[in-house]
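> Build me a structure from this.
(one chain, ligands or ions: 2)
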Amino acid sequence: MSEFKLLVTGCKGRMGQAVISAAEAQGVAVGASMDVGDSLSEALPKCSCTIDFSSHHFTKELLAESLRLGKGLVIGTTGHTDEELALIKEASKTIPVVFASNFSVGVNTLFWLTRKAAELLGPDFDLEVVEMHHRMKKDSPSGTARTLVEILAGVRGLDYDTDCRHGRFGDVGARTPKEIGVHALRGGDVVGDHTVVFANLGERVELTHKASSRDTFAGGAVRAARWLADKPAGLYDMQDVLGLK
Ligand SMILES: NC(=O)C1=CN([C@@H]2O[C@H](COP(=O)(O)OP(=O)(O)OC[C@H]3O[C@@H](n4cnc5c(N)ncnc54)[C@H](OP(=O)(O)O)[C@@H]3O)[C@@H](O)[C@H]2O)C=CC1
Ligand SMILES: O=C(O)C1=N[C@H](C(=O)O)C[C@H](O)C1
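Ligands and ions are numbered 1, 2, ... in the order given. Next up is the predicted model:
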C-alpha cells in the first residue's frame with residue numbers, strides 16, 4: 001500500500017509552517033508543499049490528502065483538482081463566501097472533506113459546552129460572542145466565532161444570516177431577544193481568543209477559550225487528515241474527528 005502523504009497548501013504562511021512541523025511530530029510524510037504561484041496540478045498527484053490553511057480565494061481551484069484526482073481534503077481556511085461554502089458541500093458528495101473553523105480540542109470542547117449551556121440556561125439569557133485575534137488576520141468575524149453563533153442560533157431557532165448582529169453602532173435601540181451579537185477585536189499577536197456570554201437579569205455566564213500556540217490547530221488538522229484516510233465521501237468537522245457528536 002502506498003505511503004500516506006500530505007499536501008500542505010499556504011505552506012509559507014503561519015499555519016502552513018505549523019502544519020509542516022505538526023506532520024513531522026506525528027510521523028506523517030509531507031509529499032509536497034505549495035504556496036501562491038506554485039502548481040497544484042503538479043503537487044497534488046504526489047499526495048494522498050491536502051491540508052489547506054491558505055485563502056478562501058483558493059478553495060474553488062483546490063476543490064476542482066481534489067475532485068479530479070479523487071483526493072480527500074482538510075480545509076482549515078475561513079472567511080468563505082456563501083458560494084464557496086456551497087462548493088465545499090457539493091464536493092463532499094464525491095470526496096471526503098473535513099471542514100472546520102477550528103481544529104483545537106479546546107475550542108471543539110467549547111463548541112460542545114456552548115450548545116449544552118444554551119440548552120440548559122434557556123431563552124431568557126442574552127447571547128453575545130466576543131473574539132480577539134492578531135493584527136494580521138484578514139477576515140472578520142473569525143470562523144470560530146461564526147460557528148459559535150451558528151450553534152447558539154441552532155438551539156434558539158434563529159438564523160446566522162438574519163439574526164447575527166455584527167457589532168453595534170449609532171442609535172440602535174434596546175437589545176431584542178432575537179439577536180446574537182458578535183464582536184471582533186484585532187491587535188498584537190493574539191493567537192485566538194473566544195468568549196461566549198450568556199447574560200440575564202441578575203447573573204451572567206461566560207465560557208472562554210484562549211489559544212497560545214498555532215500548534216494546537218496544526219496538530220488537530222494533521223490528526224483530522226489521518227482520521228479522514230479511510231472515510232467515505234462526506235462533509236465532516238472536527239467534532240466528528242473527536243467523536244463529540
Ligand atoms: N481552522 C483552524 O483551526 C484555523 C484556521 N485558520 C485560518 O487559516 C487561514 C490562514 O491563516 P494564516 O496561516 O494565519 O494566514 P497567512 O496569511 O499566514 O498564510 C496564508 C498563506 O496562504 C497564501 N495564499 C494567499 N492567497 C492564496 C491563494 N489565492 N492561493 C494559494 N495560497 C494563497 C498566503 O500567501 P501570501 O502571504 O503571499 O498572500 C500565505 O502564504 C485563515 O483563513 C485563518 O482564518 C488559522 C488558524 C487556525
Ligand atoms: O486567523 C487565525 O489566526 C485563526 N483563524 C481561525 C478562525 O477564523 O476562527 C481559527 C483561530 O481562531 C485562529
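> contacts, neighbours, all on C-alpha from now
Noted.
> Let me know the pLDDT of the one residue sitting closest to the centre of the chain.
With distances taken as Cα atoms, centre = their mean, the residue of the chain nearest its centroid is Ser101 (0.6 Å). The pLDDT attached to Ser101 in the predicted structure is 98.
> what do you get for the one 3 residues further on?
Note on Ser104: pLDDT of 98.
> now swap in Gly10 and tell me
Model confidence at Gly10, given as pLDDT, is 98.
> and it, what is it in contact with?
With contacts defined as Cα atoms under 8 Å, 6 or more residues apart in numbering, Gly10 is in contact with Gly16, Ser33, Met34, Asp35, Val36, Asp52, Phe53, Ser54, Ser55.
> Remind me which helix or strand Thr162 belongs to.
In this assignment (DSSP states H and E), Thr162 forms part of helix 160-163.
> what's the distance between that helix and the middle of its chain?
In terms of Cα atoms, centre = their mean, to the nearest Å, the centre of helix 160-163 is found 19 Å from the chain centre.
> for stretch 78-97, same thing?
The answer for stretch 78-97 is 13 Å, by Cα atoms, centre = their mean.
> what pLDDT, on average, does it get?
Throughout stretch 78-97, pLDDT has a mean value of 98.
> Please identify the buried residues of it?
Thr78, Gly79, His80, Glu84, Leu85, Ile88, Ala91, Ser92, Thr94, Ile95, Pro96, Val97 (16 or more other Cα atoms under 10 Å).
> Quickly check the residues you listed for the two that are furthest apart.
Farthest apart among those by Cα to Cα are Gly79 and Thr94. That separation is 23.2 Å.
> longest helix of this structure?
helix 105-121 (DSSP state H).
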